[in-house]
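Visitor: can't give you the sequence, but here's the structure:
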């Protein structure tokens, strides 16, 4: 954890979570079934890697989020449970087919594809999404597919070169026609440097804006974690910025510290505050809003 994160007021590890953040694990047999198939296919899901509190509910609803590109991320975001490293495993050429097989075996109706950041790859992992979507559709043509991508940026001397390369990678993903394009802003502008190491606020807004320009028929989506030290006004400013690039779908949830090596929780936002922010977001013009302490990027993603 960086020294700069010490200005956050840490919640002592021994404190119990607020009641509204405690929930039962869910159907153990359902979890075991999904986990067994995922292990059999040698795959990774962000549901498990990120220890999502909603995974049993989503599995039961026929939804799962697959993590492409292996289990090691080339970024070092201070909130994320996924393992970090500058030497990820080589890209597996059979990963897309194994994802498709798992989708078929699990009888999924809605699939979210996300990926670790792969700044080591020439296309930064864009082809991982395209290949997986194609493989799933060959086996399960009726399955709806949402993508949750990294920013596809890196290794450019000039900002103009970076934007051009980012746009090309984004276009390749959108050409595969996902039902929704998701890229998370994660936190307010002031906290980006500490929370999202390697990414920037304006770069992410630019990616969402470019998605609307390149594929206006595909809705865009983004999400924020609350509890990292942001103020109410800063959250509202972030929502206004998202609407400024015509982002249509929004998720707001509580940040939960994965371990003592990650940024501490500054505070737990109350359920009533999430309701208030959800109402404000809808009034701003977001077409779909999921706002609550346990909401995550893919929570109820299949619902209209």
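Guide: Great, that's in hand. Everything quoted here is computed from the prediction, not taken from an experiment.
Visitor: mind telling me what element residue 103 is part of?
Guide: Using DSSP states H and E, residue 103 sits in helix 95-106.
Visitor: quick check: what element follows that helix along the chain?
Guide: strand 110-115.
Visitor: quick check: next helix or strand after that next one?
Guide: helix 126-139.
Visitor: which elements pack onto that following helix?
Guide: Packing partners of helix 126-139 (3 or more CB pairs under 8 Å, 6 or more residues apart in numbering; DSSP states H and E): strand 63-68, helix 95-106, strand 110-115, strand 144-148, helix 159-174. Glycine gets a C-beta too; all of them are placed from N, C-alpha and C.
Visitor: I'd like the mean pLDDT over that helix, please.
Guide: Across helix 126-139, pLDDT averages out at 97.
Visitor: now swap in stretch 142-157 and tell me
Guide: The model assigns stretch 142-157 a mean pLDDT of 87.
Visitor: and it, which residues are buried?
Guide: For stretch 142-157, burial by neighbour count (16 or more other CB atoms under 10 Å) applies to 143-154.
Visitor: repeat for stretch 242-255
Guide: 242, 245, 247-255.
Visitor: re the thing from before, just put the buried residues of stretch 142-157 in TSV and tack on distance to residue 211.
Guide: TSV is the format used below for those (distance: CB to CB, whole Å):
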residue	distance to residue 211
143	21
144	17
145	15
146	13
147	10
148	12
149	9
150	13
151	11
152	11
153	14
154	18
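Visitor: ok, which pair from the residues you listed is furthest apart?
Guide: 143 and 154 (30.8 Å; CB to CB).
Visitor: what sits against the residue nearest to residue 174 when sequence neighbours are not counted?
Guide: Excluding its sequence neighbours, the residue lying closest to residue 174 (CB to CB, 6 or more residues apart in numbering) is residue 215, at 4.2 Å. Each residue near residue 215 by CB atoms under 8 Å, 6 or more residues apart in numbering is listed here: 174, 177, 181.
Visitor: try it again at 10 Å.
Guide: The contact partners of residue 215, by CB atoms under 10 Å, 6 or more residues apart in numbering, come to 170-171, 173-175, 177-178, 181.
Visitor: which of the buried residues of stretch 142-157 sits closest to residue 272?
Guide: residue 148 (28.0 Å).
Visitor: so what's the closest one bridging to?
Guide: residue 114, residue 182 (DSSP bridges).
Visitor: pretty sure it contacts residue 114?
Guide: Yes. Between residue 148 and residue 114 there is a contact at 4.0 Å, judged by CB atoms under 10 Å.
Visitor: hey, what's in contact with both of the two?
Guide: 46, 65, 67, 129, 182, 184, 297-298.
Visitor: coming back round to it: filter the contacts of residue 215 down to the buried ones and hand me the PyMOL line.
Guide: Of these, the buried ones go into a single PyMOL selection, burial set by 16+ other CB under 10 Å:
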select buried, resi 170+173+174+178+181
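Visitor: I'd like the contacts of residue 215 laid out as JSON lines, including distance to residue 96.
Guide: As requested, those are exported to JSON lines (distance: CB to CB, whole Å):
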{"residue": "170", "distance to residue 96": "19"}
{"residue": "171", "distance to residue 96": "19"}
{"residue": "173", "distance to residue 96": "13"}
{"residue": "174", "distance to residue 96": "17"}
{"residue": "175", "distance to residue 96": "16"}
{"residue": "177", "distance to residue 96": "16"}
{"residue": "178", "distance to residue 96": "14"}
{"residue": "181", "distance to residue 96": "19"}
